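In: Fold the following for me, if possible:
(one chain, ligands or ions: 1)
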Amino acid sequence: MTQNKTSPVYTVEPGGNLQGRLRVPGDKSISHRSIMLGALAEGTTRVSGFLEGADNLATLNAFRAMGVSIDGPKAGQVVIEGVGLHGLKAPAAPLDLGNSGTSMRLLAGLLAAQPFDSTLLGDASLNKRPMKRVTDPLAQMGANIHTSEAGTPPLQIHGSQSLHGIHYAMPVASAQVKSCLLLAGLYAEGETCVTEPAPTRDHTEQMLQGFGYPLQRDGATACLSSGGKLSACNIDVPADISSAAFFLVGASIAPGSDITLEHVGINPTRVGVITILRQMGADITLSNEQIVGGEPVADVRVRSAPLKGIHIPEDQVPLAIDEFPALFIAAACAEGETVLTGARELRVKESDRIQVMADGLQVLGVDARPTEDGMVIHGSPLGSGAVESHGDHRIAMAFTMAALRAAGPIRVRDCENVATSFPGFVDLAAGAGLAIVQEDNA
Ligand code: S3P
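Out: Residues are numbered from 1 along each chain as shown. Next comes the predicted model:
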């Protein structure tokens, strides 16, 4: 979303620390997939811990618009009456997916294979994001999809195409592209295989198997064939490690902090933020580790610790891809230099997260130098000032945590989209000790 004059502003007073036990909302990636696979399954799928954020509601509403009966969400509970792989109905109007890149890219694969046409729309931010990464391989499978000249939304999808499987080596490490092609593969003649250049989140593969769909994984390649079916199941969505990340960083940088985040998803394809923070010296311990519905979860305790700058290993980048706004704040509070390379993808997220974070850090007096594919940050005392989130939820939340170590208040503008992934953020953060207030229509 571009600058929105009525979008809330957060003001965070400096200092304090984070204490207590809390549970952040449900995992966004798993919540999206629970609706999609639940809708395509045979039988009734019950979801608990569903993230009631705007992005997931966009997915939920899209399936309602295609004739799927969905009850909820009520306190994180959703009940989906699956229509089977061939039971979706043509939507009466274009599907508006708001800010949600995951909804658009995964739905593109699914809808390319349906016997009806559809149109996918997004907000100003989503309308700038690259879609050729999904429409090109889908075209190779026989799909008929049009993007704008620039390769961006809206997507005009012409259904009734007969798709055929391909073996696709992804040029970028993207779970969205992988998932899009596997969903199209549910309908494609023959085998669809996707090979990733580096491991990315594997919730689609896990959940397809959880719904009883045969899928083969061999190293970096996942393959499936059409002709199977999805059988409804119950899904317990863990707390989102990407939302926990703000508290992991806040508690690490604020002296005296001791916080425990409950029931956090610690799928190995998502734990880059913990690996990177530990390499920087963070004190993070896991307890109560268990497998819930095929996904590993744990309680994560963080106590403040002095951080030091590191060269972030490139193999950790896809495993922490959404956590860099928070990690840049950790780097600003670390002693010495932190260097990030191999993270060009950050430039095409909900905002250009390299430029927008560098701009905000510079407002706070931090020596942060953006590079083409990353950033060099020299740990420095944080000043105060007003930073722009550019409507990016994770930028907004990251800068609120910077106030724990700042010399004066930090104002973060344009925070409306925090609701896309973390409804209730202000109350939860304030309850843990962050001196944050929200001004609406500021
Ligand atoms: C997601 C994958 C990631 C991530 C996004 C959610 C998913 O995107 O940034 O927030 O649910 O598959 P890419 O696959 O484009 O890296």
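
In: Which stretches in the stretch 151-300 of the chain count as helices?
Out: Under the criterion DSSP state H, counting those that start in this stretch, the stretch 151-300 of the chain contains helices at 175-185, 203-210, 241-253, 272-279.

In: does Val271 really touch Ile241, like I thought?
Out: Yes. Contact status for Val271 versus Ile241: in contact at 6.9 Å, counting by Cβ atoms under 8 Å. Using the backbone N, CA and C atoms, a C-beta is placed for each residue, glycine as well.

In: More neighbours: those two, which one.
Out: Using other Cβ atoms under 10 Å as the criterion, Val271 and Ile241 rank with Ile241 on top: 27 against 22.

In: The more buried one and Thr275 touch, don't they?
Out: No. Using Cβ under 8 Å, Ile241 is not in contact with Thr275, being 11.6 Å away.

In: thinking again about what came up before, most neighbours per residue, which of the helices of the stretch 151-300 of the chain?
Out: Using mean count of other Cβ atoms under 10 Å, the stretch among the helices of the stretch 151-300 of the chain with the largest mean neighbour count is helix 241-253, at a mean of 28.

In: for the ligand, what are the nearby residues on the stretch 301-442 of the chain?
Out: Counting by Cβ under 6 Å from any ligand atom, the stretch 301-442 of the chain comes close to the ligand at Ile321, Asp322, Glu345.

In: Run a quick neighbour tally on the first one.
Out: Spelled out, that is Ile321. If we define neighbours as other Cβ under 10 Å, then Ile321 has 22 of them.

In: Can you pull the phi/psi pair for it?
Out: phi -60, psi -30 (degrees, to the nearest 10).

In: wait, it sits on Glu345?
Out: Yes. Using Cβ under 8 Å, Ile321 makes contact with Glu345 at a distance of 6.4 Å.

In: per-domain residue ranges of this protein.
Out: Residue ranges for the domains of the chain, per automatic domain parsing: 9-26+238-439, 28-236.

In: would you turn these into CSV with mean pLDDT?
Out: Below are those laid out as CSV (pLDDT from 0 to 100):
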stretch, mean pLDDT
domain 9-26+238-439, 98
domain 28-236, 98
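
In: Return the residues in contact with the nearest residue to Glu416 once chain neighbours are set aside.
Out: Setting aside the residues directly before and after it, Glu416 is nearest to Ser7 in space (Cβ to Cβ, 6 or more residues apart in numbering), at 3.9 Å. Ser7 makes contact with Met1, Gly391, Arg413, Asp414, Cys415, Glu416, Asn417 under the criterion Cβ atoms under 8 Å, 6 or more residues apart in numbering.

In: Beta-bridge partners for Ile436, please?
Out: Counting by DSSP bridges, Ile436 forms beta bridges with Val12.

In: quick revisit: JSON lines please, covering the contacts of Ser7 and showing neighbour count and secondary structure.
Out: Formatted as JSON lines, these follow (neighbours: other Cβ atoms under 10 Å; DSSP: H, G, I helix; E, B strand; the rest coil):
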{"residue": "Met1", "neighbour count": "23", "secondary structure": "coil"}
{"residue": "Gly391", "neighbour count": "26", "secondary structure": "coil"}
{"residue": "Arg413", "neighbour count": "21", "secondary structure": "strand"}
{"residue": "Asp414", "neighbour count": "26", "secondary structure": "coil"}
{"residue": "Cys415", "neighbour count": "27", "secondary structure": "coil"}
{"residue": "Glu416", "neighbour count": "19", "secondary structure": "coil"}
{"residue": "Asn417", "neighbour count": "29", "secondary structure": "coil"}
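
In: What is the nearest of the residues you listed to the ligand?
Out: Nearest to the ligand among the contacts of Ser7 is Asn417, at 12.7 Å by Cβ to the nearest ligand atom.

In: How much space separates the closest one from Met397?
Out: Asn417 is 10 Å from Met397, where distance means Cβ to Cβ, to the nearest Å.

In: what do you get for His158?
Out: 39 Å.

In: for the ligand, what are the nearby residues on the stretch 101-250 of the chain?
Out: Within the stretch 101-250 of the chain, the positions adjacent to the ligand are Thr102, Ser174, Ala175, Gln176, Ser179, Thr200, Arg201 by Cβ under 6 Å from any ligand atom.

In: Next, give me the two most distant ones among those.
Out: Spanning the widest gap among those are Thr102 and Thr200, at 12.3 Å by Cβ to Cβ.

In: Assess the claim that Gln290 and Pro296 are in contact.
Out: Yes. Between Gln290 and Pro296 a contact is recorded at 7.4 Å, counting by Cβ under 8 Å.

In: any idea which element whatever residue of the stretch 1-150 of the chain ends up closest to the ligand lies in?
Out: Of all residues in the stretch 1-150 of the chain, Ser29 sits closest to the ligand, at 3.2 Å by Cβ to the nearest ligand atom. Here Ser29 sits within helix 28-40, counting by DSSP states H and E.

In: Please name the residues that touch the residue nearest to Leu319 when sequence neighbours are not counted.
Out: Leaving aside its sequence neighbours, Leu319 sits nearest to Gly272 (Cβ to Cβ, 6+ apart; 3.1 Å). Shown in contact with Gly272 (Cβ under 8 Å, 6+ apart): Gln316, Val317, Pro318, Leu319, Ala320, Ile321, Glu323.

In: Let's see which of these end up in helices.
Out: Among the contacts of Gly272, no member falls in helices (DSSP state H).

In: By neighbour count, which of the residues you listed wins?
Out: Result: Glu323 is most packed of these (other Cβ under 10 Å), 27 neighbours.

In: Help me confirm that it comes into contact with Ser242.
Out: Yes. Using Cβ under 8 Å, Glu323 makes contact with Ser242 at a distance of 6.2 Å.

In: tell me, what's touching the two both at once?
Out: Common neighbours of Glu323 and Ser242, using Cβ under 8 Å, 6+ apart, are Val273.

In: just the strands in the stretch 201-350 of the chain please.
Out: Here the stretch 201-350 of the chain has its strands, by DSSP state E, counting those that start in this stretch, at 216-218, 221-225, 234-236, 258-265, 283-292, 295-303, 337-340.
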